[in-house]
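In: Fold the following and give me the result.
(one chain, ligands or ions: 1)
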Amino acid sequence: MTERARDIAARVERFVRDMVVPYERDPRRGAHGPSDALVDELKDLARSAGVLTPHILPDGSHLTQRETAVVLIATGLSPLGPLACNTAAPDEGNMYLLGKVATPEQKARFLDPLVHGEARSAFFMTEPAEEGGAGSDPSMMRTTCRLDGNHWVINGRKRFITGADGAGIGIIMAKAEEGACLFLVDLPDPAIRTMRVLDTIDSSMPGGHAEVEISGLRVSADQMLGQAGEGFRYAQIRLSPARLSHCMRWLGACIRANEIATDYANRRQAFGKTLIDHEGVGFMLADNLIDLKQAELMIDWCAGVLDGGSLGVAESSMAKVAVSEALMRVADRSVQVMGGLGVSGDTIVEQVFREIRAFRIYDGPTEVHKWSLAKKIRRDWKATHGD
Ligand SMILES: Cc1cc2nc3c(=O)[nH]c(=O)nc-3n(C[C@H](O)[C@H](O)[C@H](O)COP(=O)(O)OP(=O)(O)OC[C@H]3O[C@@H](n4cnc5c(N)ncnc54)[C@H](O)[C@@H]3O)c2cc1C
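Out: Okay, here's the model as predicted:
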């Protein structure tokens, strides 16, 4: 690992442990995610400590993926850490995409406020299932866009849009004759109406997850991101690193959950001895260490593939499945080791457990990644053996 990444990660870890962790009991952590007032306060602290958006350097360049991993794992040590340091989803993935695809004018207008932590953003892709809209299969997209003079007109309904409520910037995916298109929009906009914010199992993302109706939204042609019909290709540019950065942040959260469970097991007595001295408990913590190390190595391997210039589609699928499933086991064991305390709100272990459950679904459910890997195995076999 490079010295600069080690240095940034160490500063971030100190900041999260010393400054962010004390906010974990703050009443402004609402059921639909922390309030913007709380997030802004945390960002101010990160700004003063020099750890705001630590994975993007002052000259606008991005740390490598392997470097990003050590930094984002450190921000993840508290569920509030990524929000404080501006490395949270969906902003982190959106910043990455804009850095790769946006024009200089678009960067000045939409990327700069994100990098400086002055606005939040949302990525609008998924649609309501009962209307037959895009979900695991984005090609089922029903939201449309059509050119009218030098504007695009967008209509449709989106669901599970993280942070849409309260966001300042949106990236909307819609379907034109040419294929999928991405648009950059200022929010709020009267043509984009929040119908409801869903009650979900997780609670770490500001604004929660909204269902929105887009009705006659007019977007200037120069707000199209890249070229018409290339939306899925750009989404793929975003998806692999965004998938991996979820793995990084949640690995940090599970490292912390395991620390809390380990501490409990070393202090608590039952049946005349310390919990950890009961083999059943010791084995759970040993399994946690093994899963955490495997997750770290899987992330590092996949990050190296992306740093080599590959889109890493198959590799990020493998990493996402392996890491999210391993972290689910770690979170579950951490809860179990702590008994009743593990399912209470007295520590973050309970929250981490809930968050990881949702992580097994977003950015591609486990089964969808395995299905696409199986298709690749079939293709590769045919390429070698013929039909
Ligand atoms: C917390 C959270 C935040 C989210 N944030 C956003 C966001 O900001 N923006 C956005 O656009 N979307 C967001 N989503 C939506 C997310 O991307 C979708 O939930 C996901 O793509 C799955 O789509 P779906 O919910 O429609 O499930 P469905 O497509 O209905 O799939 C249901 C289940 O079917 C199974 N399945 C599907 N296809 C296959 C297959 N080929 N083989 C085997 N099994 C299969 C899987 O088990 C899957 O879980 C978020 C979701 C959650 C839970």
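In: Smallest distance to the ligand belongs to which residue of this protein?
Out: Going by C-beta to the nearest ligand atom, the ligand is nearest to residue 135 of the chain, at 2.0 Å. For every residue, glycine as well, the C-beta is placed using N, CA and C.
In: Just the pLDDT at that residue, thanks.
Out: Note on residue 135: pLDDT of 96.
In: list the contacts for it?
Out: By C-beta atoms under 8 Å, 6 or more residues apart in numbering, the residues touching residue 135 are 126, 127, 129.
In: Let's see if you can find the most crowded of those residues.
Out: For these, the largest number of neighbours (other C-beta atoms under 10 Å) sits with residue 127, at 24 neighbours.
In: That one belongs to a helix, doesn't it?
Out: No. Secondary structure of residue 127 (DSSP: H, G, I helix; E, B strand; the rest coil): coil, not part of a helix.
In: which one is it nearest to, not counting chain neighbours?
Out: residue 133 (2.4 Å; C-beta to C-beta, 6 or more residues apart in numbering).
In: count of residues packed around the one you found?
Out: Using other C-beta under 10 Å: residue 133 sits among 20 other residues.
In: Give the helix, strand or coil label for it.
Out: On the basis of three-state DSSP, residue 133 is classed as coil.
In: ok, whatever helix or strand residue 369 lives in near the ligand or not?
Out: Secondary structure from DSSP states H and E places residue 369 in helix 366-385. Yes. Counting by C-beta under 6 Å from any ligand atom, the ligand is contacted by helix 366-385 at 367, 368, 371.
In: how far off helix 366-385 does the top helix by length along the chain point, in degrees?
Out: Taking DSSP state H as the criterion, the chain has its longest helix at helix 231-267. Using axes from the mean of the first three to the mean of the last three C-alpha atoms, to 10 degrees, the inter-axis angle of helix 231-267 relative to helix 366-385 is 120 degrees.
In: Neighbouring strands of the worst-scoring helix or strand of the chain on mean pLDDT in the sheet, and parallel or not?
Out: The weakest-scoring helix or strand in the chain, judged by mean pLDDT, DSSP states H and E, is strand 29-30 (a mean of 90). Here strand 29-30 is paired, per DSSP bridges, with strand 33-34 (antiparallel).
In: The strand it pairs with and the ligand in contact?
Out: No. Shown here: strand 33-34 not in contact with the ligand (C-beta under 6 Å from any ligand atom), separated by at least 10.3 Å.
In: Can you mark which positions in whichever helix or strand comes after that strand are buried?
Out: Reading on from strand 33-34 to the C-terminus, the next helix or strand found by DSSP H and E is helix 36-49. Neighbour-count burial for helix 36-49, counted by 16 or more other C-beta atoms under 10 Å, picks out 36, 38, 39, 42, 43, 45, 46, 47, 49.
In: repeat for stretch 337-352
Out: Of the residues in stretch 337-352, 337, 338, 341, 342, 347, 348, 349, 350, 351, 352 count as buried by neighbour count, 16+ other C-beta under 10 Å.
In: Among these, which pair sits farthest apart?
Out: Across those, no pair lies farther apart than 337 and 351, at 16.2 Å, counting by C-beta to C-beta.
In: need the contact list for residue 251.
Out: 73, 76, 292, 295, 296, 299, 323, 327.
In: again, only this time at 7 Å
Out: 73, 76, 295, 296, 299, 323, 327 (C-beta atoms under 7 Å, 6 or more residues apart in numbering).
In: just residue 306 next, same as before
Out: Contacts of residue 306 by C-beta under 7 Å, 6+ apart are 65, 240, 241, 312.
In: would it count as being in a helix?
Out: Yes. Residue 306: assigned to a helix according to three-state DSSP.
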